[in-house]
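**Student:** my questions are about this predicted structure, shown below with the sequence.
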Amino acid sequence: MLNKIINRIQPKMNASIERFKEEISKIRTGRANPLLVENIMVDYFGSKAPLKQIASISVPEPRLIVISPWNKDNLVDIEKAINDSKIGLNPTNDGQVIRLAVPALNEERRKEIVKMLNKKAEEAKVAIRSAREEVWDEIQEKVREGELDEDAKFTGKDRLQELVDEFNSQVESIRARKEKEIMEV
């Protein structure tokens, strides 16, 4: 029974890791990355659609994103959506494609981005600890009801902490890689 309870926590912790990866993929590093723009919502024939569904996004150079809409009539809408998204990039429309030049980051901005990255990492760790607390409460309830004994309770607590440590180390390694990428000039 203890294994069953503890195994239910892993999908929640994996989801926290995936959410963290998704969040930091949107953080600008001074390099062009299609993830910066692919989910920008664009007016598309009266409804909203993510940019990746109405255009191809490529990175021909390390500091340039090129957006080629499948329908050239959408260039103005895409340009407007990029300006409204507040990603800090100015689109250049040449009538065929939109180019986004990604400027190099200065040292001060890099440090601000690392602070934001650290905040997101802490949020992921909090989500992992929160999942642990839910399962710990369930284990304690099972002990009170007599379904588990005290030894199982402490074994469960140790295994939960091992899981938390494992997932926290994953968050930390992902954070460290991203920080290195951000601080790279």
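**Tutor:** Okay, I see it.

**Student:** return stretch 48-58 as CSV; C-alpha atoms alone will do.
**Tutor:** Output of stretch 48-58 as CSV, limited to C-alpha atoms (Å, rounded to 0.1, in the frame of the first residue of the first chain):
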residue,chain,number,x,y,z
LYS,A,48,-6.7,33.7,-32.3
ALA,A,49,-4.1,31.1,-33.3
PRO,A,50,-0.5,30.5,-32.2
LEU,A,51,2.1,31.8,-34.5
LYS,A,52,3.5,28.3,-35.1
GLN,A,53,0.2,27.2,-36.7
ILE,A,54,0.2,30.0,-39.3
ALA,A,55,3.8,30.4,-40.2
SER,A,56,7.1,28.6,-40.3
ILE,A,57,9.7,29.9,-37.8
SER,A,58,13.4,29.5,-38.5
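
**Student:** in it, what counts as buried?
**Tutor:** For stretch 48-58, the neighbour count (16 or more other CB atoms under 10 Å) marks 49, 51-52, 54-55, 57 as buried. In this view, the C-beta of every residue, glycine as well, is placed from N, C-alpha and C.

**Student:** what helices and strands are in contact with the helix or strand containing D158?
**Tutor:** Here D158 is covered by helix 150-183, with elements defined by DSSP states H and E. Contacts defined by 3 or more CB pairs under 8 Å, 6 or more residues apart in numbering; DSSP states H and E place helix 150-183 against helix 2-7, helix 9-25, helix 107-144.

**Student:** picking up where we left off before, could you redo the buried residues of stretch 48-58 as TSV and give each row distance to L163 and pLDDT?
**Tutor:** What follows is the buried residues of stretch 48-58, written out as TSV (distance: CB to CB, whole Å; pLDDT from 0 to 100):
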residue	distance to L163	pLDDT
A49	39	89
L51	38	89
K52	35	89
I54	42	91
A55	42	92
I57	37	92
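
**Student:** got those as TSV, with secondary structure and distance to R132 columns?
**Tutor:** Output for the buried residues of stretch 48-58, formatted as TSV (DSSP: H, G, I helix; E, B strand; the rest coil; distance: CB to CB, whole Å):
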residue	secondary structure	distance to R132
A49	strand	39
L51	helix	38
K52	helix	35
I54	helix	42
A55	strand	42
I57	strand	38
